[in-house]
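>>> How does the following fold in three dimensions:
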Amino acid sequence: MENRGPTRASDAGLVNERPRSSTLNAKSPSGLRSILRRARGWSCDVRAVALDDQSGKLHVPLVERADRRSPSSRTAAGELIVRRVEEFLFEGAASRSRFFDLDGLAYEPATGRLTIASDGRSQFALTVEALDVSLRIRPQTHPR
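The predicted structure is shown next:
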């Protein structure tokens with residue numbers, strides 16, 4: 001019998017690999033629109049927003065919109081990562097509520113202002129050195 005080399009665990013029906021996440025990157029306003037289309041229907045978890053002042057990255061966790069039958073149960077959907085942040089400001093309802101629906105991303109190149117919005121109102125205002133935003137999409141696991 002031939003030795004075909006090491007067999008992978010997935011060949012034997014076992015899965016020992018970590019699921020890979022996919023990422024969308026934006027360095028232009030059209031890239032922001034792509035991120036917004038992909039994240040449609042997701043909400044920002046305001047209490048878990050973190051600014052890493054060492055690296056200048058803002059991490060905004062995104063969750064799937066709550067089910068009416070169980071609004072407390074929300075599934076992590078992804079994370080919006082903004083790099084090269086110089087200033088960060090809470091605005092509007094983000095300072096008063098835990099979640100808001102993500103429905104707007106806008107960038108003004110002249111001022112370096114990036115706005116994360118909901119219902120047409122700014123929730124987070126950032127000043128960035130250059131536009132560099134990523135949407136890291138978490139792999140969804142469905143029980144069988």
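
>>> drop to CA atoms for contacts and neighbour counts, all remaining ones
OK.

>>> Poorly predicted segments of the chain, please.
1-21, 66-73, 92-95, 140-144 (pLDDT under 70).

>>> Tell me where it has helices.
Using DSSP state H, the helices of the chain run over 29-38.

>>> Break down this protein into its strands, ranges please.
Remark: strands assigned in the chain by DSSP state E are 22-26, 42-45, 50-52, 57-64, 76-82, 85-90, 99-101, 104-108, 113-118, 121-128, 133-137.

>>> by contact count, what packs against the third one?
This points to strand 50-52. Helices and strands touching strand 50-52, as assessed by 3 or more Cα pairs under 8 Å, 6 or more residues apart in numbering; DSSP states H and E, comprise strand 57-64.

>>> Now render the strands of the chain as a markdown table, adding distance to L36.
Listed next are the strands of the chain as a markdown table, based on distance: least, Cα to Cα, whole Å:
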| stretch | distance to L36 |
| --- | --- |
| strand 22-26 | 10 |
| strand 42-45 | 10 |
| strand 50-52 | 20 |
| strand 57-64 | 12 |
| strand 76-82 | 10 |
| strand 85-90 | 19 |
| strand 99-101 | 11 |
| strand 104-108 | 7 |
| strand 113-118 | 10 |
| strand 121-128 | 15 |
| strand 133-137 | 9 |
